[in-house]
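1. Everything below, folded, please.
(2 chains)
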Amino acid sequence: MRSSRLFGKTLRQVPSEAESISHQLLLRAGMIAQESAGIYAFLPLGRRVLRKIEDIVREEMDRAGGQEVLLPVLQSFELWLQSGRLTSFGKSLFTLVDRKEHKLALGPTHEEVISELVHRYVQSYRDLPLLLYQIQTKFRDEPRPRGGLLRVREFLMKDLYSFDIDEAGLDENYERMARAYENLYARLGLPVLMVEADSGAIGGKDSHEFMVVADTGDDKIIYCPDCGYSANAEKAQGFKKTVNSVSLLPLEEVATPEAQTIEEVASFLGVLPERTFKAVFYFADGEFVFAVIRGDMDVNETKLKNALRCEELRLATEEEVKKTGVVAGFASPVNVRGIKIVADDSIARGANFIAGANKRGYHLKNVNYPRDFQPDIVTDIALARSGDSCPRCDGKLLSTHGIEVGHIFKLGTLFSKKFGASFLDRDGASKPVVMGCYGIGVGRLMAAIVEHSHDGRGIIWPMSVTPYQVYLCPLYLDDPEVSSAAERLYLELQSAGIDVLFDDRDESPGIKFNDADLVGVPLRLTVSPRTLKNQTIEAKWRTEKKAQLLPVEGIAAEVRKLLDEREVSGRP
RNA sequence: CGGGGUGUGGCGCAGUGGUAGCGCGCAUGGUUUGGGACCAUGAGGUCGGAGGUUCAAGUCCUCUCACCCCGACCA
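-> Presented below is the predicted three-dimensional model:
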């Protein structure tokens, strides 16, 4: 490609709307252009990168045994009613109405469509296992698009769905996909952390996310440097020690005037916060919920939401709390009637805790579960934090941020049951197909690569996804020797099957070098009178300071060799 | 949805109620050229939109739209 003909321009100034580094660089390099909030056009350079990433994803899915399909973007509302996810997706679903007043959704994902499809074509255990995938544009009306390609409303995504006769088959495919994902990220030059994830409203057994560690990531990861335990903060567990494990003492009311917060109560009574109970009030799908947790911990709302199996969870307002008769600051799970109580299991790890007395100015001492109160649910609803002890070893947990570039789920029979996707086993018994789903955001991967691989001058593309392999950079084009050598070289490289971006513009060396660095092409070939008089061309890697001289004669073969070495080593 | 911010030429920005500007980019000509050159000339704007106040509105008022950031939210 000739730069003079290339659609899209590099920008010297950063467009003011761009905050994240990948957003800035992709805009400046002329890879993408914003059309609307969370909606982007891919310009020729960006399109090439996106296609290369897509091809790598496709290759790895094929290699893992996947078969590619293309599914409808326009999906009937009935499908969503049938799965019951109309409400859980809620406002994120883009909807429209056709001329017959029939409601349709722009597909945000394809579990419904694929389950319905498989229901029609899979009848026997002989048809399984089956791996189907598609790579196509999906739509989600995100509450807040952000960070350029990191969170958008219209995006290219790969989803693979696995169909098995039983859990064992699912487990096997799950492992297979996890390995395929690892290959794929390695080929993209991305170091990725596989972390335990919350499976959310979709339910299911296991779920893992693949994270690129980056400050700009909007997911928080909790991990243990000692044993390798890592999980999304929504899901992560911390070790809960047992406190004050002595024999149970009788309940006792004590006056605690003015002491309302955990800190105030604890210091007033001369104990550590871990000896107290903390009460937090929520509204879950319109129902008031009293959450109890030990005073040294905080409630993880994702876990609470899962425990309650609710769609919508929010903190209760002061008024709402008042209305229930609970006394904020002195609230207690003891002797509360008609209110749903959810307790973190930390309340059972220890004895003789301090809790409110449901009476202004008083607390209760020696509160014990289950002697003094009986919550509706007791489970883990605690937020794990950096500094907590690891649940698996003696290590201390740390936290970091990550960009989610892949998410895999064991769906089980959730969708197959709803869509009647069942098969007859060997014994002629009808069973629901066991499903898994495995997603990757292709556009987000592109942004993640840039977030991970860049420097002060611009993008540094890995060889595997670079829009062009070689940046052919002639200086002093008005010198006929240079222009003819450059033109000749351009043809030779192309004939050798090398992707070349030929900067045939009549620009100064500074501009050309800077553009080459900004666009991030791995290898730059500089043609100038200086080296040409010795029959040589200067070759410089994007990642290196120093250049090397290559003889003009047979240069295409030499460049081919250099590129192949890089590709194999996986270095940019 | 709550809080904050910004809308003026392709991009970045300035602009006291009184003739719409600067830098970059773009066009033409010339001199230049190893890390974003210089000179000259020139094109390009219904100041996000709609109302209103005023002799006069980019500037003041009301409404509205879009975009960005923080939070909520986010298989």
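2. Can you name the residues bridging to the spatially most central residue of chain A?
-> Nearest to the mean C-alpha position of chain A, counting by CA atoms, centre = their mean, stands residue A:404 at 1.8 Å. Bridge pairing for residue A:404 (DSSP bridges) gives the partners residue A:211.
3. and if you look at residue A:138?
-> Residue A:138 has these beta-bridge partners by DSSP bridges: residue A:155.
4. hang on, it packs against residue A:157?
-> Yes: using CB atoms under 8 Å, residue A:138 is in contact with residue A:157, at 4.8 Å. C-beta: built from backbone N, CA, C; applies to glycine.
5. Now for the two: what residues contact both?
-> residue A:109 (CB atoms under 8 Å, 6 or more residues apart in numbering).
6. Need phi/psi at residue A:179.
-> The phi/psi pair for residue A:179 (degrees, to the nearest 10) reads phi -70, psi -40.
7. From the structure, what's the count of residues near it?
-> Neighbours of residue A:179 under the rule other CB atoms under 10 Å: 12.
8. Could you report the distance from it to residue A:60?
-> 9 Å (CB to CB, to the nearest Å).
9. So residue A:58 lies in a strand, does it not?
-> No: secondary structure of residue A:58 (DSSP: H, G, I helix; E, B strand; the rest coil): helix, not part of a strand.
10. list the contacts for it?
-> Counting by CB under 8 Å, 6+ apart, residue A:58 touches A:68, A:135, A:158.
11. who in the stretch 301-450 of chain A is up against RNA strand B?
-> Proximity of the stretch 301-450 of chain A to RNA strand B (CB under 7 Å from any atom of the strand) is limited to residues A:301, A:313, A:314, A:407, A:409, A:437, A:439.
12. and of the residues you listed, the nearest to RNA strand B?
-> Proximity of those to RNA strand B (CB to the nearest atom of the strand) peaks at residue A:439, which lies at 3.3 Å.
13. Averaged pLDDT, stretch A:59-73. What do you get?
-> The pLDDT scores in stretch A:59-73 average 97.
14. And that stretch, end to end?
-> Start-to-end span of stretch A:59-73 (CA to CA, to the nearest Å) is 23 Å.
15. Over to stretch A:253-273?
-> Taking CA to CA, the span from the opening residue of stretch A:253-273 to its closing residue is 18 Å.
16. Tell me the buried residues in the one helix or strand in chain A whose mean pLDDT sits lowest?
-> The weakest-scoring helix or strand in chain A, judged by mean pLDDT, DSSP states H and E, is helix A:318-324 (a mean of 79). Going by neighbour count (16 or more other CB atoms under 10 Å), the buried part of helix A:318-324 is residue A:321.
17. before we move on, what about stretch A:169-184?
-> The neighbour-count check on stretch A:169-184 (16+ other CB under 10 Å) flags A:169, A:170, A:171, A:173, A:174, A:176, A:177, A:180, A:181, A:184 as buried.
18. export those residues to TSV and tack on distance to residue A:262?
-> Below are these laid out as TSV (distance: CB to CB, whole Å):
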residue	distance to residue A:262
A:169	49
A:170	44
A:171	43
A:173	47
A:174	41
A:176	48
A:177	44
A:180	47
A:181	42
A:184	46
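19. rewinding a little: farthest pair in the residues of the stretch 301-450 of chain A next to RNA strand B?
-> Farthest pair in these (CB to CB) is A:314 and A:437. Separation: 28.5 Å.
20. In terms of neighbours, single out the busier of those two.
-> The neighbour comparison of residue A:314 against residue A:437 (other CB under 10 Å) goes to residue A:437, with 23 against 9.
21. quick one: that one is in a strand?
-> Yes: looking at residue A:437 with three-state DSSP, it is inside a strand.
22. That one contacts residue A:160, correct?
-> Yes: between residue A:437 and residue A:160 there is a contact under CB under 8 Å: 7.1 Å.
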